[in-house]
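> Fold the following for me, if possible:
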Amino acid sequence: MRDSAQNDSIPTYADLVAARFSRRTVLLGAAGAAAASAMSFRLPGAQAATSSSTLTFPELKKVYDETHHVAEGYNADILVRWGEAIVSGGKELDAANQNAADQAKQFGYNCDFIGYMPLPLGSDNSEHGLLCVNNEYPNPHVMFPGLTEDDAAKKMTPDQIKTAFESWGHSIVEVKKTDGKWQTVKDSKFNRRITGTTEMAIAGPAAGHKLLQTAADPTGTRVFGTGYNCSGGVTPWGTILTCEEGLSDTFGGDPAKGGDPALLERYAYDGSDYYGFARIEERFNLDKVPNEPNRFDWVVEIDPYEPGETPVKRTALGRMSHEAASCIVNADGRVVVYTGDDDYFEYIFRFVSSGKFDPADRAANKKLLDEGTLSVAKFDQDGTLTWIPLIHGQNGLTAENGFADQAEVLIKARLAGDTVGATKMDRPEDIEPNPVTGRVYAVMTKNKKRKPEEIDAANPRPENHYGHILEMLPPGEGKNADHAADTFKWDVFLLAGNPAKPEEGAKYNEGISADGWFAAPDNVAFDPKGRIWIASDGANDFDIADGLYGADTLGDGRALPRFFFACPTGAELCGPAFTPDGKTLFVAVQHPAENSETLEQVTTRWPDFGSDSLPRPSVVAITKQDGGEIGS
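Numbering: from 1, shown residues only. Alright, predicted model coming up:
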C-alpha cells in the first residue's frame with residue numbers, strides 16, 4: 001500500500017476524468033462548442049436522458065449466438081468466404097484435402113482490413129470495384145481436425161503448416177453489384193493473393209541496412225512474405241497499405257542467441273513458433289537467421305490496379321506492431337499517415353511526407369512514403385498533444401543511446417519512443433482521420449496491465465478491460481486542418497464499458513441505451529456524413545457479441561453509439577469500409593468459432609452451417625433494403 005504522501009501525489013481516475021471533461025467545450029473549439037453544450041457524458045449509474053442521433057436505424061438488441069445479425073431494414077449478405085477460388089485456375093475449398101497450392105489461389109483466412117477501390121482507378125464508382133482484404137492469421141484448431149490451440153505448432157504436419165503459411169497476407173478480388181446484389185468476379189485479371197511466400201521489396205531509409213541483411217539477401221532489399229496483416233489504409237493515389245502487426249510469435253529458436261537479444265525482447269520475439277514455421281523454414285529460426293525478424297513488422301504498399309507489381313515494405317513508417325496506416329492529404333499537399341503500435345503500453349505514431357501529393361503523377365506519388373518524418377505522440381494533461389520527431393541526433397536518438405543512424409531509429413521505433421518520452425498507451429488500435437471534420441480518432445482497445453500508479457490523462461483507468469477512444473484535434477477544421485502541425489489539442493471521445501456498472505467507469509452520451517454500450521473498440525470508419533462506425537474485438541470476454549456501432553461525432557448524438565451488426569460466436573468485427581455513395585458497407589467477420597476447443601467441438605459452423613462445414617471467416621456486404629444510405 002502506498003503511503004499518504006504518495007496517495008496525494010498520484011492522480012486518481014476521478015481526478016483525471018474531472019479535469020478532462022471540465023475542459024470539453026474549450027478543447028472542442030468554436031465549431032463544436034454548441035454540440036458539446038447540448039450533450040453531456042453519462043456518469044456511472046446516472047439517469048439516462050433522451051438524446052437525438054442522426055442514425056435512424058432500429059437499434060439491434062444485444063445478442064450472441066452462432067450466426068450474424070443486422071439491424072432491421074438491412075440485408076447482410078455473405079460476399080466472399082475463406083477458401084473460395086479467386087485466382088484463375090484455383091480450386092474451391094475441400095475441407096478434407098487442404099493444401100498450400102490450392103490455398104495460394106483461394107481467398108485468405110481471417111479477413112481484417114477492407115479497402116474498397118472503385119473501378120476504374122480514379123472514379124467514385126460505388127457498384128464496381130476491387131475489394132482489398134487483409135488476412136491476418138490462421139486458426140489451425142478450427143481448420144484441421146485433431147488440433148487444439150495449445151498443440152497446433154507441434155502436431156501440424158508440414159503440409160498443414162505450409163497451407164497455413166499461404167492462408168495469411170492479403171486478398172484482392174473484383175466485385176460488382178448486379179441487380180442489387182454484390183458478387184465476386186471470378187477469374188478477374190485483378191484477383192490476386194499475397195501470402196507468406198510472396199516476394200517483396202524493401203524501400204526507404206532502412207533498405208539495405210546491415211540489420212536487414214541475411215545470407216539469402218545480402219542486399220537487405222528483398223524479402224519473402226508478409227503476415228499478421230491486421231488493419232491498413234488506402235493512399236490518395238489508389239494503393240493499399242497493409243500493416244504487419246508484430247510477427248514475434250511466428251519465429252522459433254532461442255532469442256538469447258539472436259543477433260540482438262535486447263531488441264528481440266523489446267519486440268516480444270520469444271521463440272514460441274506458434275505455427276511451427278521454424279520447423280519447415282530455417283529463416284524463421286532466431287538462432288540461424290538472426291536478422292530475419294527485422295525484415296518484418298513494417299507497412300507494406302500494394303498496388304491493386306497493377307497485379308504484376310511487387311509489394312513494397314515502406315521502412316520510413318517505422319517498425320512496430322502496426323495497427324492501421326490511415327492517410328490524409330494535408331492542406332499544404334503533404335501526405336500524413338497515422339498508425340498505432342498495438343500492444344500494451346505502446347505508442348501512437350504519425351508520418352509526414354517530405355514531398356507533396358500530385359494528382360497528375362501517380363508514379364511520383366508512390367515514392368512519397370519513402371521520405372519524411374516519423375513522430376510519436378505525447379499527451380499532456382492540459383489537453384496538448386505534442387508530436388516528437390524521431391530524427392537521428394535529436395531528442396537522445398544518438399549512437400551513444402543505441403541508434404547508429406536514422407535507419408536504426410526506424411528499425412527500433414519502439415525504443416525510440418521510449419527514449420524520447422512518448423506517452424505509453426492502452427494498446428493503440430485504429431487511428432483514423434474524419435474526412436469531414438478533420439479530427440482524428442485514436443482507438444485504445446484495452447490494457448489490463450495498467451496499474452493505478454500508471455494512469456494518466458489519456459489513459460485514465462487502471463486495469464482497463466474495456467478500452468476508450470481519443471479525439472485528436474489538429475489546428476484548423478475540415479480540409480483546412482493542419483495534420484502536420486507540431487502540436488494538436490486532444491480530448492476523450494468516450495470510455496467504453498457497461499454504464500450500468502459504476503465500477504467500470506464507462507462514459508458515453510447520456511442517452512446511451514442498454515444495447516448501445518460496447519467493450520474493446522478496435523477498427524473505426526467514417527461514412528460520407530462523417531459519422532463514426534466502431535468495430536469491437538473482445539466483447540466476447542463479457543458474453544456479448546463483438547459487432548459494429550454507429551455514432552455521431554458532433555451534435556446531440558455525439559458519442560451516442562447505436563448497435564448495428566452482431567458477429568457469430570467467437571468472432572470479431574473488422575475492417576468496416578463504405579462505398580463512396582455510402583449505400584454499401586463491407587465488414588469482415590474474423591475467426592468465427594475461435595473459442596472452440598477443437599474442430600470436432602466447434603461452437604459454430606458459420607456461415608454455411610452444413611454438418612461437415614468448416615467455420616469460414618468471410619466478408620459481408622450490408623445494404624439498406626430500400627436502397628438508401630447506410631444509417632439514414
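
> only C-alpha atoms for contact and neighbour calcs from this point on.
OK.

> and the gap between the nearest residue to Lys162 once chain neighbours are set aside and His591?
With sequence-adjacent residues excluded and distances taken as Cα to Cα, 6 or more residues apart in numbering, Lys162 is closest to Ala100, at 5.5 Å. From Ala100 across to His591, the span is 20 Å (Cα to Cα, to the nearest Å).

> Tell me which of the two has more neighbours.
His591 (26 against 17; other Cα atoms under 10 Å).

> give me every residue that touches the more buried one.
Contact analysis of His591 by Cα atoms under 8 Å, 6 or more residues apart in numbering lists 110, 139, 570-572, 615-617.

> One more pass at 10 Å, please.
By Cα atoms under 10 Å, 6 or more residues apart in numbering, the contact list for His591 reads 109-112, 136-139, 142, 568-573, 615-618.

> how many neighbours does the residue lying closest to it once chain neighbours are set aside have?
Nearest residue to His591, sequence neighbours excluded (Cα to Cα, 6+ apart): Ala571, at 4.9 Å. Here the number of neighbours of Ala571 (other Cα under 10 Å) works out to 31.

> check contacts around Ala571.
Listed by Cα under 10 Å, 6+ apart, the contact partners of Ala571 are 66-68, 110, 536-540, 545-547, 588-595, 604, 606, 617.

> Asp491 against Pro460, yeah?
No - taking contacts as Cα atoms under 10 Å, Asp491 lies outside contact range of Pro460: 12.0 Å.

> So which of the contacts of Ala571 sit within strands?
Mapping the contacts of Ala571 onto strands (DSSP state E) picks out 536, 547, 588-590.

> Would you confirm that Ile114 contacts Val173?
No - the pair Ile114 / Val173 is not scored as a contact, 11.1 Å apart, by Cα under 10 Å.

> Please identify which of those two sits among more neighbours.
Neighbours per residue (other Cα under 10 Å) separate Ile114 from Val173, with Ile114 holding more: 30 against 24.

> Which strand residues bridge that one?
Beta bridges link Ile114 to Val133 when assigned by DSSP bridges.

> Now do the same for it: its pLDDT.
Looking at Ile114, its pLDDT reads 98.

> what do you get for Ala30?
Looking at Ala30, its pLDDT reads 39.

> And the one 5 residues further on, by the same measure?
Reported pLDDT at Ala35 in the predicted model: 42.

> What is the neighbour count of Lys367?
The tally of other residues near Lys367 (other Cα under 10 Å) stands at 14.

> contacting residues around it?
203-204, 314, 353, 355.

> for those residues, which one is nearest Leu397?
Gly204 (18.7 Å; Cα to Cα).

> Please flag which of the contacts of Lys367 sit within strands.
Counted as lying in strands by DSSP E, out of the contacts of Lys367, are 203, 314, 353, 355.

> neighbours of the residue lying closest to the first one once chain neighbours are set aside, just the number please.
With Cα to Cα, 6+ apart as the criterion, Ala203 has its nearest non-adjacent residue at 5.4 Å, and that residue is Arg314. Neighbour count of Arg314, defined by other Cα under 10 Å: 25.

> residues in contact with Arg314?
By Cα under 10 Å, 6+ apart, the residues touching Arg314 are 201-207, 241, 298-301, 367-371.

> do Tyr275 as well
Neighbours of Tyr275 in contact, by Cα under 10 Å, 6+ apart: 137-140, 149, 151-156, 160-162, 164-165, 249-252.

> how does it look with 6 Å?
Ala153 (Cα atoms under 6 Å, 6 or more residues apart in numbering).

> Need the three-state assignment for it.
Three-state assignment for Tyr275 (DSSP: H, G, I helix; E, B strand; the rest coil): coil.

> Helices along this protein, start to end?
For the chain, the helices defined by DSSP state H occupy 4-9, 13-21, 24-28, 30-37, 100-103, 152-155, 158-167, 261-266, 277-280, 362-365, 406-411, 413-420.

> list the helices and strands the fifth one packs on?
With contacts defined as 3 or more Cα pairs under 6 Å, 6 or more residues apart in numbering; DSSP states H and E, the packing partners of helix 100-103 are helix 158-167.

> hey, where'd the strands end up in the stretch 51-200 of the chain?
Taking DSSP state E, counting those that start in this stretch as the criterion, the stretch 51-200 of the chain carries its strands at 69-70, 74-81, 111-118, 128-135, 169-178, 181-184, 192-194, 199-203.

> can you redo those as TSV with distance to Pro236?
Output for these, formatted as TSV (distance: least, Cα to Cα, whole Å):
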stretch	distance to Pro236
strand 69-70	31
strand 74-81	26
strand 111-118	11
strand 128-135	15
strand 169-178	18
strand 181-184	25
strand 192-194	21
strand 199-203	19
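
> which one of the ones you listed lies closest to Asn395?
strand 199-203 (25.2 Å).

> Which strands and helices lie in contact with that closest one?
Partner elements for strand 199-203 (3+ Cα pairs under 6 Å, 6+ apart): strand 222-224, strand 312-314.

> tell me the most buried of the ones you listed?
Highest mean neighbour count among the helices and strands packed on strand 199-203 (mean count of other Cα atoms under 10 Å): strand 312-314, with a mean of 26.

> Please state the offset of it from the chain centre?
From the chain centre to the centre of strand 312-314 is a distance of 18 Å (Cα atoms, centre = their mean, to the nearest Å).

> neighbouring strands for it, and are they parallel or not?
As assigned by DSSP bridges, strand 312-314 forms pairs with strand 199-203 (parallel), strand 299-302 (antiparallel).

> looking at those strands, which is closest to Tyr338?
Comparing the strands paired with strand 312-314 under Cα to Cα, the one sitting nearest is strand 299-302, at 11.5 Å.

> What's the mean pLDDT across that closest one?
On average, strand 299-302 scores 98.

> Which residues are in contact with the spatially most central residue of the chain?
What sits nearest the mean C-alpha location of the chain, by Cα atoms, centre = their mean, is Ser231, with 3.1 Å. For Ser231, the contacting residues are 113, 243, 323-324, by Cα under 6 Å, 6+ apart.

> Quick check: bridge partners of the residue nearest to Ala203?
In this entry, Arg314 is beta-bridged to Ala203, Val299, by DSSP bridges.

> got TSV for the ones in strands among the contacts of Lys367, with pLDDT and distance to Trp517 too?
Supplementary listing: these in TSV, determined by pLDDT from 0 to 100; distance: Cα to Cα, whole Å:
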residue	pLDDT	distance to Trp517
Ala203	98	43
Arg314	98	37
Ser353	98	38
Gly355	98	42
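
> Which one of the residues you listed is nearest to Glu629?
Each of the ones in strands among the contacts of Lys367 was checked against Glu629 using Cα to Cα; the closest is Ser353, at 34.5 Å.

> Format the helices and strands packed on strand 199-203 as TSV; extra columns: distance to Arg427.
Output for these, formatted as TSV (distance: least, Cα to Cα, whole Å):
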stretch	distance to Arg427
strand 222-224	28
strand 312-314	23
